[in-house]
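# any chance you could fold what I've pasted below:
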Amino acid sequence: MTAPPRGNDTAFPRGPSPPGPPAGGKTPQRGIRVRRPGALTTVQDCGRPGYAHLGVPRSGALDPPAHHRANQLVGNPPGAAVLETTLTGVAVIAEVAVTAAVTGARAAVGVDGHPAVMGAAIALHPGQLLDVGPARPGVRSYVAFSGGLALPRVLGSASTDLLSGIGPARLAAGHVLPLGDPGAHPDVRGRCALPGAPEGSAPAGQAKLLVHLGPRRDWLPADGLDALRAGAWTVSPQSNRVALRLDGTPVPRRRGELASEGLVTGAIQALPDGQLVVFLADHPTTGGYPVVAVLDPASLPACAQARPGLTIRFLIA
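Next up is the predicted model:
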């Protein structure tokens, strides 16, 4: 799930690497060391709202309720930076005593090979290994640590943005991520969206997503609107943090050229081949295909947990 969706030919540059092991082999004051990075593990908080006019996506955790719940379990403010895993989990070693919590997509969680409880606070002693297994079902799990991940902020956020390359790069084995002091992490609540969707509800088999007709609904003739209402689509393996690509029922649209327009998270573009793209947190800020619908914010967490092969249907508000 790492290739960009067709119709937006954008490469994913890497940002600066997270801090590596300190010189001289000295143990950092507070931190975690990456043993197994998984397929794609990134640092995420509430993102960078308010910079779209500069071409900077919001980014941030794709499943905000799971992100906030993980922080709540370890005593952090809801917007503290956490790890967001993709499909195959992550394994880290505690450099110091720290409390951790895992939420989001269900996964086997272990500490030094012994089972631990997901969705609860986990006490880690120095040198212990926290292992988060593959997501089953769902896609993304969230791992919070007391004090939060204390990485440099760009435009007020430590989030990794895969589209623009802003923020730390995806995790790699050996990276050491510093932790803040418990109770002293800045509260970025004002930057956090708090959708009403429950945490931990990965769709199984089929997801019904609430949408509102978009600013270019007039590009849909009657049969196109019927297809949007009644069609079924499959989540493509080409999906990623930028967008879900949906393959299935073609949505006929009027032909013509459209100048690039602003995009928001949840915007649904109708591509020339009749297929659909649903933009997520790392989406481009402009696009030249018509936005025929927009996801209701409460449906976004389900998109974060939509695995390739999942069937998607839309409920038009």
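# which residues of this structure score low on pLDDT?
1-29, 184-202, 204 (pLDDT under 70).
# center of it - which residue?
Central residue of the chain (C-alpha atoms, centre = their mean): residue 62, 2.9 Å from the mean position.
# for the nearest residue to that one once chain neighbours are set aside, which residues are in contact?
For residue 62, ignoring the flanking residues on the chain, the nearest one in space by C-beta to C-beta, 6 or more residues apart in numbering is residue 304 at 3.5 Å. (C-beta placed from N, C-alpha, C; glycine too.) Neighbour list for residue 304: 61-63, 66, 104, 139-140, 280 [criterion: C-beta atoms under 8 Å, 6 or more residues apart in numbering].
# hmm, back to that, isn't the residue nearest to the centre of the chain up against residue 302?
No: judged on C-beta atoms under 8 Å, residue 62 makes no contact with residue 302 at a distance of 10.4 Å.
# tell me the strands beside the helix or strand hosting residue 277, with direction?
For residue 277, the element it lies in under DSSP states H and E is strand 276-279. Note on strand 276-279: by DSSP bridges, its sheet partners are strand 243-248 (antiparallel), strand 267-270 (antiparallel).
# give me the contact list for it.
Against strand 276-279 from outside (C-beta under 8 Å, 6+ apart): 5, 7-8, 233, 242-246, 251, 263-271, 287, 289, 295, 303.
# can we see that at 6 Å?
The contact list for strand 276-279 (C-beta atoms under 6 Å, 6 or more residues apart in numbering) reads 5, 7, 243-246, 263, 267-269.
# do the same with stretch 59-72
Contact with stretch 59-72 is made by 44, 46-48, 78, 80, 82, 84, 101, 103-104, 140, 142, 144, 159, 161, 193, 195, 197, 199, 280-282, 301, 304, as judged by C-beta under 6 Å, 6+ apart.
# of those residues, which belong to helices?
When the contacts of stretch 59-72 are checked against helices (DSSP state H), the matches are 301, 304.
# now restrict the contacts of stretch 59-72 to buried residues only.
Neighbour-count burial (16 or more other C-beta atoms under 10 Å) applied to the contacts of stretch 59-72 gives 44, 46-48, 78, 80, 82, 84, 101, 103-104, 140, 142, 144, 159, 161, 197, 199, 280-282, 301, 304.
# please name the nearest non-neighbouring residue to residue 40.
Counting by C-beta to C-beta, 6+ apart, residue 86 is the residue found nearest to residue 40 once chain neighbours are left out, at 3.9 Å.
# hang on, isn't that neighbour packed against residue 37?
No: applying C-beta atoms under 6 Å as the test, residue 86 and residue 37 come out as separate, 10.3 Å apart.
# residues near residue 155, how many?
16 (other C-beta atoms under 10 Å).
# same check on residue 312?
23.
# surely it is within a strand?
Yes: assessed with DSSP: H, G, I helix; E, B strand; the rest coil, residue 312 lies in a strand.
# got the contact list for it?
Residues near residue 312 by C-beta under 6 Å, 6+ apart: 207, 233, 246.
# contacts only, for the closest residue to it other than its chain neighbours.
Distances taken as C-beta to C-beta, 6+ apart place residue 233 nearest to residue 312, at 4.7 Å, with adjacent residues excluded. For residue 233, the contact set (C-beta under 6 Å, 6+ apart) comprises 246, 248, 312.
# and the longest helix seen in the chain, how far from the chain's centre?
Assignment by DSSP H gives helix 64-74 as the longest helix of the chain. Distance, stretch centre to chain centre, for helix 64-74: 14 Å (C-alpha atoms, centre = their mean, to the nearest Å).
# the residue nearest to residue 40 - how many residues pack around it?
For residue 86, the count of nearby residues is 22 (other C-beta under 10 Å).
# list the residues that contact it.
Contacts of residue 86 (C-beta under 6 Å, 6+ apart): 39-40, 140.
# ditto for residue 134
88-89.
# tell me the SS of it?
coil.
# relative to residue 140, how far out is it?
Distance, residue 134 to residue 140, by C-beta to C-beta, to the nearest Å: 12 Å.
# shared neighbours, these two?
With C-beta under 6 Å, 6+ apart, residue 134 and residue 140 have no common neighbours.
# my guess is residue 161 meets residue 170, correct?
No: if you go by C-beta under 6 Å, residue 161 and residue 170 don't touch, sitting 11.3 Å apart.
# is it true that residue 33 lies in a helix?
No: with three-state DSSP as the criterion, residue 33 is assigned strand and is not in a helix.
# count of residues packed around it?
Residue 33 has 20 neighbours, counted by other C-beta under 10 Å.
# now do the contacts for it.
Neighbouring residues of residue 33 by C-beta under 6 Å, 6+ apart: 93, 95, 176.
# which non-adjacent residue is nearest it?
Nearest non-adjacent residue to residue 33, counting by C-beta to C-beta, 6+ apart: residue 93, 4.5 Å away.
# what packs against the helix or strand harbouring the one you found?
Secondary structure assigned from DSSP H and E places residue 93 in strand 90-94. Helices and strands touching strand 90-94, as assessed by 3 or more C-beta pairs under 6 Å, 6 or more residues apart in numbering; DSSP states H and E, comprise strand 31-36, strand 129-132.
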